[in-house]
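>>> fold the following.
(one chain, ligands or ions: 2)
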Amino acid sequence: MSDPLPISHVTQPLSGTVRPPGSKSLTNRALIVAALADGDSELTGVLDSQDTQVMLESLTRLGFKVQHDQSLARVSLRGCGGTVPAGGAELWLENSGTSIRFLTALCAAGQGDFRLDGSTRMRERPIGDLIAALNQLGGQVTSVAGTDCPPVRVVADGLRGGTVDVPGSISSQFLSAVLMAAPTAANRVDIQVAGTLVSVPYVEMTLAVMRQFGVEVEYDSYTRFTIEPQCYAPTRYAIEPDASAASYFFAAAAVTGGEITVQGLTRDALQGDVRFVDALAEMGCTVIDGSDSISVRGGALRGIDIDMNAISDTAQTLAAIAPFAEGPTRIRNVAHMRHKETDRISALVIELRRLGVRVDEFDDGLMIHPGPLHPATIETYDDHRMAMSFAITGLKSPGIQIADPGCTAKTYPRFFEDLAQLTDAP
Ligand SMILES: O=C(O)C1=C[C@@H](OP(=O)(O)O)[C@@H](O)[C@H](O)C1
Ligand SMILES: C=C(OP(=O)(O)O)C(=O)O
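Ligands and ions are numbered 1, 2, ... in the order given. From the prediction side, this is the model:
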């Protein structure tokens with residue numbers, strides 16, 4: 001655990017320009033489909049963080065030829081045409097949901113005996129629906145401890161194809177994982193989504209990345225998908241900066257009344273989380289669209305009532321600035337946040353109350369009431385987004401420290417350096 005980090009309270013509007021590192025979600029998708037492609041792909045703008053390192057290490061263990069130039073944020077990867085070179089491997093995925101879910105599906109497309117495991121929290125995160133889906137397609141996948149959580153064993157002999165039900169209400173990552181592996185199946189795959197699908201923009205992102213690597217999916221309003229057997233084409237692929245990471249800088253402009261520009265993102269980005277700026281606009285901020293940037297200018301903030309199902313990775317960011325708005329903020333329809341790095345609804349409620357904020361907890365979200373905050377050390381629960389979100393609270397309210405700031409390594413190892421560049425600028 002790293003030592004607590006005091007956040008410097010800023011008394012001036014914070015202004016400046018920042019370019020966050022590459023998108024975690026795009027990096028981990030591009031790595032999977034490049035590995036399944038037939039030949040050499042080159043990815044640029046690659047995120048270098050724990051979640052992508054465990055993915056890269058796993059692909060190497062699976063026998064793929066991977067070259068990572070960290071200084072240029074570039075990865076060259078030789079795909080094996082829908083097969084997995086190693087006949088077995090043990091993979092360690094820490095607490096990276098995308099990595100363990102996407103790699104479970106990729107291993108099922110191979111031949112051999114694979115085991116995937118991760119941190120204590122990872123062993124509490126559900127994967128049973130994905131296991132059941134892969135088994136319907138001809139896989140032999142099990143939850144080793146019978147918990148419907150990792151560790152997972154995959155005894156693989158390629159995917160047969162056929163019809164499969166994929167539940168959508170716990171995590172969209174199950175559907176994304178099945179979609180990406182589906183073109184390798186011997187026969188057509190027909191997917192039917194069971195129940196409501198959460199985090200829909202991530203499925204749109206999956207389809208977009210598959211398309212950019214030459215695979216088309218037929219689909220009908222995110223309930224039915226049809227994928228014919230086909231091979232991904234190797235591609236040179238540029239990854240957008242991470243839109244969830246950008247939310248912290250937009251929120252910093254919002255609470256300090258400054259203007260912050262995030263480069264490399266527009267509202268046409270493949271990542272749904274760029275829509276966080278719409279929430280800030282509703283709260284009273286001004287959003288300025290550039291040709292390759294988005295800027296947010298802060299103003300007097302008002303509380304809002306918002307469904308964040310589609311952009312739940314930014315719900316903590318919003319909750320962390322909501323105490324400074326006029327009127328309460330209700331965040332709805334984010335029950336799936338309870339299955340992430342920690343139970344994020346519960347963590348938000350505990351930590352906001354620690355600061356003296358009045359908060360109501362609901363099964364599907366929370367309501368934050370404005371009011372004065374007092375100094376406190378915020379617990380982060382090994383959740384990078386708790387650390388980054390409450391750092392923004394600390395810009396506005398004096399005496400906030402972030403416990404274990406090193407946990408941002410999951411997706412943004414240099415977050416506090418990048419924030420300091422803005423706060424320390426003359
Ligand atoms: O597919 C993805 O890249 C992701 C999907 C989301 O998860 P859920 O679908 O579990 O909500 C999101 O929270 C996660 O950070 C990344
Ligand atoms: C939920 C997250 O990650 P994952 O599910 O990929 O572990 C996240 O990055 O906020």
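>>> drop to CA atoms for contacts and neighbour counts, all remaining ones
Fine.
>>> near ligand 1 at all, stretch 16-28?
Yes. Interface with ligand 1: stretch 16-28 contributes Ser25 (C-alpha under 6 Å from any ligand atom).
>>> for that stretch, give me every contacting residue.
45-48, 51-52, 55, 98-99, 205, 209, 239-243, 245-246, 249, 259-264, 411-412, 418, 422 (C-alpha atoms under 8 Å, 6 or more residues apart in numbering).
>>> show me which residues of the stretch 101-250 of the chain sit near ligand 2.
Checking the stretch 101-250 of the chain against ligand 2 by C-alpha under 6 Å from any ligand atom, there are no hits.
>>> now with 8 Å, please.
With the criterion set to C-alpha under 8 Å from any ligand atom, the stretch 101-250 of the chain comes near ligand 2 through Gln173.
>>> the stretch 101-250 of the chain: strands as residue ranges?
In the stretch 101-250 of the chain, the segments counted as strands under DSSP state E, counting those that start in this stretch are 111-117, 140-143, 152-157, 162-167, 189-194, 218-220, 224-227, 236-238.
>>> so which of those strands comes closest to Ala335?
Of all those, strand 162-167 sits nearest to Ala335, with 15.0 Å by C-alpha to C-alpha.
>>> now the closest one, how far from the centre of its chain.
From the chain centre to the centre of strand 162-167 is a distance of 24 Å (C-alpha atoms, centre = their mean, to the nearest Å).
>>> that strand to strand 189-194, inter-axis angle?
On the basis of axes from the mean of the first three to the mean of the last three C-alpha atoms, to 10 degrees, strand 162-167 is oriented at 30 degrees to strand 189-194.
>>> quick revisit: give me the PyMOL select line for the contacts of stretch 16-28, limited to the buried ones.
Selection command for PyMOL covering only the buried members of the contacts of stretch 16-28, criterion 16 or more other C-alpha atoms under 10 Å:
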select buried, resi 45+46+47+48+51+52+55+98+99+205+209+239+240+241+242+243+245+246+249+259+260+261+262+263+264+411+412+422
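>>> show me which of the contacts of stretch 16-28 neighbour ligand 1.
Thr98.
>>> out of the contacts of stretch 16-28, which sit inside helices?
Among the contacts of stretch 16-28, DSSP state H puts 51-52, 55, 98-99, 205, 209, 243, 245-246, 249, 418, 422 in helices.
>>> and the two most separated of those?
Val209 and Leu422 (32.5 Å).
>>> where do the helices sit along this structure?
Under DSSP H, the chain gives helices at 24-36, 50-61, 97-108, 128-136, 173-181, 200-212, 243-256, 276-283, 315-321, 344-354, 384-396, 415-423.
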